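Visitor: this one's structure only:
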């Protein structure tokens, strides 16, 4: 049982189906809803950024989300909640390099609520932990990392034909790690990633946690349904020697193809804001 203070709900739009949740999680976060999405995975993103839009300090040993959020417990709680609700959690190889010992599970990111997260998955009818998905075009991965060797989770590596050649040289445990080569080109499309995930593990809710290039692919292909964005009350800054990524890198939308979203939820804990945006195809077509 944790003594984590509840987040304050300032705006919460009705999103359809309310997920069954253990009382402890419901008391801290409130209700969590997602719209009906028959026949396809519903894809959500989760990021934290500073007031000036920085998502990583891009400094060795300090490139993770905790340096951006200031170690906010409520932010970690939300990360755990979304991971526990999801069937699969997708990250790029760059994100793995930034936090090499990470596991993309609720229990890992916020251990005080480990039991509640497990109960949450049971209520949702989800067996085991979410599939951890690593997207790597180069195949340059360290097979000794916990995401491949822990034995607690199943991991899928999505790569291209070039990356597959490098991955074949690695000693990866065949019992918990699967590899899918989905293209011969350098860039791996978001649609190909989702198809690979569904071949391995039929998914209703898929979580994308980065990095900025990967989230850009999902947005560009119209495959990101919602974005959960934590706004941390710090200013990180940039200069010519400190290039720090924003939410999206490598893809340009505005002004020709601006992407507009709809604010559907605002929650607050101390000076952190927990924002939730929906990307509606009808709204996009009306703004182009």
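Guide: Arrived safely, thanks for sending. Because the structure is predicted, anything quoted here is derived from the model rather than measured.
Visitor: going forward, measure contacts between C-alpha atoms and count neighbours the same way
Guide: Fine.
Visitor: quick check: residue 231 vs residue 208, distance?
Guide: According to C-alpha to C-alpha, to the nearest Å, residue 231 and residue 208 sit 17 Å apart.
Visitor: residue nearest the centroid of the protein?
Guide: Nearest residue to the geometric centre of the chain (C-alpha atoms, centre = their mean): residue 209, 2.2 Å.
Visitor: I figured that one hits residue 43, correct?
Guide: No - Residue 209 is not in contact with residue 43 according to C-alpha atoms under 8 Å; the separation is 10.8 Å.
Visitor: what ranges do the strands span in the stretch 51-200 of the chain?
Guide: 88-92, 131-135, 155-159, 177-181 (DSSP state E, counting those that start in this stretch).
Visitor: got the contact list for the second one?
Guide: What that stands for is strand 131-135. Contact partners of strand 131-135, identified using C-alpha atoms under 8 Å, 6 or more residues apart in numbering, comprise 87-93, 96, 103-104, 147, 153-159, 193, 197, 201.
Visitor: just the angle for that strand relative to strand 155-159, thanks.
Guide: 20 degrees (axes from the mean of the first three to the mean of the last three C-alpha atoms, to 10 degrees).
Visitor: could you do the first one as well?
Guide: Angular relation of strand 88-92 and strand 155-159 on a 0 to 180 degree scale: 40 degrees, by the same axes, to 10 degrees.
Visitor: okay, now the sheet partners of strand 88-92, with direction.
Guide: Sheet pairing of strand 88-92 (DSSP bridges) gives strand 131-135 (parallel), strand 205-208 (parallel).
Visitor: just how off-centre is it within its chain?
Guide: 6 Å (C-alpha atoms, centre = their mean, to the nearest Å).
Visitor: buried stuff in it?
Guide: Buried residues in strand 88-92, counted by 16 or more other C-alpha atoms under 10 Å: 88, 89, 90, 91, 92.
Visitor: returning to what we had before: so among the contacts of strand 131-135, which ones count as buried?
Guide: Applying 16+ other C-alpha under 10 Å to the contacts of strand 131-135 flags 87-93, 96, 103-104, 147, 153-159, 193, 197 as buried.
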